[in-house]
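Colleague: Predicted model and sequence follow; I will ask about them next.
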There are 2 protein chains.
Amino acid sequence: MGEHMQIGEAAARTGLSLRTIRYYEEVGLVKPTARSQGGFRLYTEADLARLELIKRMKPLGFPLEEMRELLELLHPEAESAVPLSEVQRGRLVAFSEAAERRCRELKADLATAEALAATLRERLGAGSTAT
Amino acid sequence: MGEHMQIGEAAARTGLSLRTIRYYEEVGLVKPTARSQGGFRLYTEADLARLELIKRMKPLGFPLEEMRELLELLHPEAESAVPLSEVQRGRLVAFSEAAERRCRELKADLATAEALAATLRERLGAGSTAT
DNA sequence: AAGGAATCTTACCTTAACGTAAACGAAAGG
DNA sequence: CCTTTCGTTTACGTTAAGGTAAGATTCCTT
């Protein structure tokens, strides 16, 4: 019945540091499902999945504060049947657009980086095999 | 014969701020070719090109300090006939490898970002067209 | 019961790459 | 000459996302 894991294992499995996990809780990103009698954080697999999702979201470049908001839109605390208010949908649209913009930015950055990397390789290829 | 431009024009043409250009000088990235009698920075087209190169290099994610070193390897101050010392070549190889690593990282980030962006789009597509 | 390993909270520290403000000098046009 | 406009130096401020340290507790195993 060991459904819960402590922060150490959560860190090991996600590749995040203890500090990072605690910090994510501090800013409201991931609250451990339970605490032990003595106050140790206890994470479930679902919590783990959330931590991993946050880690995957990093490339989007959103500040943690916005990530928190986005996660709330995606996984409402209350399993409400209410789909999404108009305002919430608007926020989601904004996030979606920001994500697309970020993708385009990443694409441009990649192209630029590859061009420069190619230049460097060339430079090296042309290098003299001196004594 | 106005071969030189002041910092304002350099900023306007590169899209960099005055502060940024001065800061780049401070850390040894770009020194203006000349100064006016009164001390105004005067940039040539070559200086401009250097500023633009630096701007393009941003996606490589190198700290400015390393950029400085890389630029020195690529555009040696003294137009020396000496190609490159072994040590210098080694540094260049390291830079090249770092650039390739960065490219792979950007590619991975892009893939991750695109997957998430797709997820967000889906979420929106599924949204109810409520009253 | 003991004791090492894991965790807790609190709180100060770090860092790069600029932003911003102040007070003052230069350049250029009328 | 005068006055805008542009530029100069100096120096302090900013910011997110943790790192790191200290001292106290809890957990687990023996």
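Modeller: Received the coordinates, thanks.

Colleague: What score does whatever residue of chain A ends up closest to DNA strand D have for pLDDT?
Modeller: Residue nearest to DNA strand D within chain A (C-beta to the nearest atom of the strand): residue A:38, separated by 2.0 Å. No exception for glycine: its C-beta is placed from N, CA and C like everyone else's. Per-residue confidence for residue A:38 comes out at a pLDDT of 96.

Colleague: State whether it is indeed within a strand.
Modeller: No. Secondary structure of residue A:38 (DSSP: H, G, I helix; E, B strand; the rest coil): coil, not part of a strand.

Colleague: gap between it and residue A:6?
Modeller: Using C-beta to C-beta, to the nearest Å, we find residue A:38 at a distance of 11 Å from residue A:6.

Colleague: How about residue A:119?
Modeller: In terms of C-beta to C-beta, residue A:119 sits 49 Å off from residue A:6.

Colleague: Over to residue A:75?
Modeller: Distance of residue A:75 to residue A:6, given as C-beta to C-beta: 23 Å.

Colleague: got it, and residue A:67?
Modeller: For residue A:67, the distance to residue A:6 (C-beta to C-beta) stands at 24 Å.

Colleague: more crowded one of those two?
Modeller: More neighbours surround residue A:67 than the other of residue A:67 and residue A:6, with 20 against 13 (other C-beta atoms under 10 Å in any protein chain shown).

Colleague: Secondary structure class of that one, three-state.
Modeller: When the structure is reduced to helix, strand and coil (three-state DSSP), residue A:67 reads as helix.

Colleague: Spit out the contact partners of it.
Modeller: Residue A:67 makes contact with A:29, A:54, A:57, according to C-beta atoms under 8 Å, 6 or more residues apart in numbering or on different chains.
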